[in-house]
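A.B. asks: Compute the structure for the input listed below.
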Amino acid sequence: MSPDSSEWGPGTGANFPVNEAVLKIMPCGTRLISAESSGISAWAKTAKVSVVLADGSSKNYFLKCATGQGARAIAEGEFHSATTINDAVTGLVPKAVGWGEYHNGESQVYFLLGDFHDMDFSVAPEPAGFMSKIAALHRSTSPNGMFGYSVPTVCGKMERTVTWEKSWARSFTHQLRDVIRYDNETNDPWPEYDAACKQLIDVVIPRLLGALQSEGRSITPSLIHGDLWEKNIGIDRETGETVLFDPGCVYAHNEMEFGTWRCTWASYFNSPVYMELYQCHIKPSDPVEEWDDRNRLYSVHPYLNDSAGHPGSISRKIAYNDMLYLCEKYGPLDSLEKYDREKDISVTGARIPFVIKQLE
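C.D. replies: Below you'll find the model as predicted:
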């Protein structure tokens, strides 16, 4: 079934059709010039949309269109996330213009429209200035003093449970249960893995994360980007400023932001200089001596998120071994398999480049 041509913007001869619903959230009097596929995304189709505004000036927009699992949260969640981040640190992410939905045949399409930035992805951000901005972001705190977020957001295409919670251990458990469920839906049954997941949730998280809010200790829910890794960062070619994209925010323990920096795909954020500079601004939470174990726990989330999105990925086995490490230390259980030091990338230093395949 083909969409009614009246629902689409005037023909541009380009390779990316723009629906009238997208044009309606642009300023009144905007005229579409062209739309070309731009960028690489595993979970959405993206384009650079060139227009002429009512005053005759030219402008470029970035358009992201998603269907299927998590599509609404991709569009709506990123719109709210980008708006919240820009309220905290102006210009850290592209300005979000709006989001919406339309039908394309039998598909429900959700879209996000924002400002377009021509970015260089070949260089790492300058550590001192970049970590200063991330610290500033994390100093933005929850409006109600609780952990969670106002609308569902995603990491990749996996929707987060962002129910407001006073307890960080409960809030993180919601998010971890999400990725465990997604992972089990796309990968083969693995009883030993299921047993480790259960022990992690029932015993390890209450102990390791519960310690952050016990015996007089407390943490403040901080605004985090939610998917801060090298493929979501670029340098604006015009301004030279570092720009983040694909945010999926949540008010969380600030240290959760850095779980993915421990993963096999980290190419420059695994350099200690970034974390050392960050900790000049924001010190590790108490108990300080458990920082690395919390970082290991937080890395399980992106590993399982990757495993769910890429069935058969080695990420599942790495996460499992990390779970065994944490269970042995914080919740020993004789029936579990043993942690294998030779499979621990924090010991071996193994790195696996991450390749994003464009959604077709």
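
A.B. asks: Give the buried residues for stretch 63-77.
C.D. replies: Using 16 or more other Cβ atoms under 10 Å as the test for burial, stretch 63-77 gives 63-67, 69-77. C-beta: built from backbone N, CA, C; applies to glycine.

A.B. asks: Contacts only, for the most centrally placed residue in the chain.
C.D. replies: In the chain, the centroid-proximal residue (Cα atoms, centre = their mean) is Asp227; its distance is 2.4 Å. By Cβ atoms under 8 Å, 6 or more residues apart in numbering, Asp227 lies in contact with 155-156, 246-248, 260.

A.B. asks: Check Val273 too.
C.D. replies: By Cβ under 8 Å, 6+ apart, Val273 lies in contact with Pro127.

A.B. asks: tell me which element it is part of?
C.D. replies: In this structure, Val273 sits in helix 272-281 according to DSSP states H and E.

A.B. asks: Point out the other helices and strands that the helix or strand just after that helix packs with.
C.D. replies: Following helix 272-281 in sequence order, the next helix or strand is helix 291-309 (DSSP H and E). If contacts are counted by 3 or more Cβ pairs under 8 Å, 6 or more residues apart in numbering; DSSP states H and E, helix 291-309 sits against strand 154-155, strand 158-159, helix 168-186, helix 205-208, helix 315-330.

A.B. asks: how far out from the middle of the chain is helix 291-309?
C.D. replies: Helix 291-309 sits 12 Å away from the centroid of its parent chain (Cα atoms, centre = their mean, to the nearest Å).

A.B. asks: any low-confidence regions in the protein?
C.D. replies: Along the chain, segments meeting pLDDT under 70 span 1-6, 8-14, 354-360.

A.B. asks: show me the residues around Glu159 that make contact.
C.D. replies: Residues near Glu159 by Cβ under 8 Å, 6+ apart: 69-70, 73, 77, 152-153, 178.

A.B. asks: And it, how far from Phe111?
C.D. replies: Using Cβ to Cβ, to the nearest Å, one obtains 17 Å as the distance from Glu159 to Phe111.

A.B. asks: And Arg181, by the same measure?
C.D. replies: According to Cβ to Cβ, Arg181 stands 27 Å off from Phe111.

A.B. asks: So which of these two has more stuff around it?
C.D. replies: Remark: of Arg181 and Phe111, Phe111 carries more neighbours, 25 against 13, as counted by other Cβ atoms under 10 Å.

A.B. asks: ok, and the closest non-adjacent residue to Phe62?
C.D. replies: Excluding the flanking residues, the one nearest Phe62 by Cβ to Cβ, 6 or more residues apart in numbering is Phe116, at 4.3 Å.

A.B. asks: Only the buried residues of the helix holding Val273, if you could.
C.D. replies: Result for helix 272-281 [16+ other Cβ under 10 Å]: buried residues 274-275, 277-278.

A.B. asks: quick check: angle from that helix to helix 291-309?
C.D. replies: Orientation of helix 272-281 against helix 291-309 (axes from the mean of the first three to the mean of the last three Cα atoms, to 10 degrees) gives an angle of 120 degrees.

A.B. asks: Can you dump the C-alpha atoms of helix 272-281 in CSV for me?
C.D. replies: Once non-C-alpha atoms are left out, helix 272-281 reads as follows in CSV (Å, rounded to 0.1, in the frame of the first residue of the first chain):
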residue,chain,number,x,y,z
PRO,A,272,42.4,7.2,32.3
VAL,A,273,42.9,10.9,31.6
TYR,A,274,39.1,11.4,30.9
MET,A,275,38.0,10.0,34.2
GLU,A,276,40.8,11.6,36.2
LEU,A,277,39.8,15.0,34.8
TYR,A,278,36.1,14.3,35.6
GLN,A,279,36.9,13.4,39.1
CYS,A,280,38.7,16.8,39.6
HIS,A,281,35.1,18.2,39.2
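
A.B. asks: returning to what we had before: can I get the contacts of Glu159 in JSON lines including distance to Tyr339 and secondary structure?
C.D. replies: Listed next are these as JSON lines, based on distance: Cβ to Cβ, whole Å; DSSP: H, G, I helix; E, B strand; the rest coil:
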{"residue": "Gln69", "distance to Tyr339": "33", "secondary structure": "coil"}
{"residue": "Gly70", "distance to Tyr339": "32", "secondary structure": "coil"}
{"residue": "Ala73", "distance to Tyr339": "34", "secondary structure": "helix"}
{"residue": "Gly77", "distance to Tyr339": "35", "secondary structure": "helix"}
{"residue": "Pro152", "distance to Tyr339": "34", "secondary structure": "coil"}
{"residue": "Thr153", "distance to Tyr339": "32", "secondary structure": "coil"}
{"residue": "Asp178", "distance to Tyr339": "25", "secondary structure": "helix"}
